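*Asks:* Based on what follows, work out the 3D shape:
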Amino acid sequence: VQLVESGGGLVQPGGSLRLSCVASGFPFSNYDMRWYRQAPGKGRELVADISSTSGSTVYVDSVKGRFTISRDNAKNTVYLQMNSLKSEDTAVYYCNAHRRYPQADYWGQGTQVTVSS
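*Replies:* Prediction:
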């Protein structure tokens, strides 16, 4: 099983980044896909979720209207489009694959996003 994130980097406040996560080794379309983030000195926070079945999405309040999660099951890839970035978005962003029954979770290695002028 592998989840490989890419697309992180340094961006100025107000800028945009698009994160990608390519999955392999498990049936991607059967898993909810999530993006988490962890800022220095803080716990890991669920940022966005996209359902395996309906494609419905859920976001943490702090990113609503700025971030968009999407998935391409044909490419085994999940994306996080991040617009209007703020300094408080600075964190390591992790891709997660989640299955409820039977329970399973897979994690990527993380990609750093730094928002700074």
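*Asks:* which residue is nearest the centroid of this protein?
*Replies:* Centroid-nearest residue in the chain, with CA atoms, centre = their mean: residue 35, separated by 2.5 Å.
*Asks:* for it, phi and psi?
*Replies:* Reported as degrees, to the nearest 10, the phi and psi values for residue 35 are phi -110, psi 130.
*Asks:* how much space between it and residue 117?
*Replies:* 24 Å (CB to CB, to the nearest Å). From N, CA and C alone the C-beta is placed, and that goes for glycine too.
*Asks:* Would you list the phi and psi of the closest residue to residue 29 other than its chain neighbours?
*Replies:* In space, and not counting its chain neighbours, residue 29 is closest to residue 73: 4.3 Å by CB to CB, 6 or more residues apart in numbering. With angles defined as degrees, to the nearest 10, residue 73 sits at phi -70, psi -30.
*Asks:* got it, and residue 88?
*Replies:* Dihedral angles (degrees, to the nearest 10) for residue 88: phi -70, psi 0.
*Asks:* which ones are touching it?
*Replies:* By CB atoms under 8 Å, 6 or more residues apart in numbering, residue 88 lies in contact with 39, 62, 115.
*Asks:* cutoff 10 Å now
*Replies:* 13, 39, 62, 115 (CB atoms under 10 Å, 6 or more residues apart in numbering).
*Asks:* The second one and residue 68, how far apart?
*Replies:* Using CB to CB, we find residue 39 at a distance of 21 Å from residue 68.
*Asks:* what does the third one give?
*Replies:* Using CB to CB, residue 62 is found at 14 Å from residue 68.
*Asks:* quick one, which of those two is more surrounded?
*Replies:* Using other CB atoms under 10 Å as the criterion, residue 62 and residue 68 rank with residue 68 on top: 16 against 12.
*Asks:* All set, thanks.
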